[in-house]
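S.K.: sequence and predicted structure, then a few things I'm wondering about:
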Amino acid sequence: MSEPTPDNSEEDIITKEMGTSEIEPSDTEMAEAGPSNPDPCDAEPKKAKRKTAKGRRCRCRRRRRRGQGNFSSFATYFPRVLKQVHTGLSLSRESVNVLDSFVKDMFERIAEEAGRLAHCSRRCTIMTEDIQTAVRLLLPGELGKYAVSEASKAVARYRTSR
C-alpha cells in the first residue's frame, strides 16, 4: 500500500475522523446534491419489451383472461352423446351438473397448460401441438394417448365434412 501524498493527507485524516469513506458522501453532501437517479446496478431491472419479428410488441399478454361470456354449460350435449352410445338411457340433473363441472374444469386445465406451453415457446397463439401436449401431460398414461387419438379422428371427420 502506498503512502498518502501530502495534498491528500489532510482529506485522509478528515475521513478517518468522520468515519466516512471517499466513496460514500456525507449526509450534508447528499442533502445539497438533491434527488439523484440511482445507479443502474442499484435500480430495479426493467422488464424487456417482447417484440415480434416485425418489431411490434407481442399482444399475447394483453388478453390474458376472458370472462365466461354467454356460454353457460355443456348440458345440452350430454344427452346427444349418450343417445349415440346407449339408446334408452337418460341422465338426472345432478349427474348433468357433475359432468358439466368436470368438463369445464378439464377445459380450463387444458387451456391453461396449453397457454403455458405456448408462452414457453414464445408464441402468442395456442397451436394443436400445445393442446395435444397439454392433454398428454394432464391425463394419465393410456387415457392421454386415447384422448389424443380420438380427438385427431374427430378433427379429421370434421375437416372432411366441411
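M.R.: All right, it came through fine.
S.K.: show me what contacts the residue nearest to residue 106 when sequence neighbours are not counted?
M.R.: The spatially closest residue to residue 106, leaving aside those adjacent along the chain, is residue 138, at 7.5 Å (C-beta to C-beta, 6 or more residues apart in numbering). Yep, even glycine has a C-beta here, placed from its N, CA and C like the rest. The neighbourhood of residue 138, defined by C-beta atoms under 8 Å, 6 or more residues apart in numbering, consists of 106, 109-110, 113, 144.
S.K.: mind naming the longest helix for this structure?
M.R.: helix 93-120 (DSSP state H).
S.K.: avg pLDDT for the helix or strand encompassing residue 151?
M.R.: Assignment of secondary structure by DSSP states H and E places residue 151 within helix 141-161. Helix 141-161 carries an average pLDDT of 94.
S.K.: what does stretch 107-127 give?
M.R.: Mean pLDDT, stretch 107-127: 95.
S.K.: residue contacts, residue 145?
M.R.: Contacts of residue 145 were listed using C-beta under 8 Å, 6+ apart, and they are residue 136.
S.K.: separation between it and residue 118?
M.R.: Residue 145 is 22 Å from residue 118, where distance means C-beta to C-beta, to the nearest Å.
S.K.: may I have whatever helix or strand residue 129 lives in as PDB, with CA atoms only?
M.R.: Element membership for residue 129 (DSSP H and E) is helix 128-138. Extracted in PDB, the C-alpha atoms of helix 128-138 (Å, rounded to 0.1, in the frame of the first residue of the first chain):
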ATOM      1  CA  THR A 128     -52.700 -28.000 -31.900                       C
ATOM      2  CA  GLU A 129     -49.300 -29.400 -30.700                       C
ATOM      3  CA  ASP A 130     -49.700 -27.400 -27.500                       C
ATOM      4  CA  ILE A 131     -53.200 -28.800 -26.900                       C
ATOM      5  CA  GLN A 132     -52.000 -32.400 -27.600                       C
ATOM      6  CA  THR A 133     -49.100 -32.000 -25.200                       C
ATOM      7  CA  ALA A 134     -51.300 -30.500 -22.500                       C
ATOM      8  CA  VAL A 135     -53.700 -33.400 -22.800                       C
ATOM      9  CA  ARG A 136     -50.900 -35.900 -22.600                       C
ATOM     10  CA  LEU A 137     -49.500 -34.100 -19.500                       C
ATOM     11  CA  LEU A 138     -52.800 -33.800 -17.700                       C
END
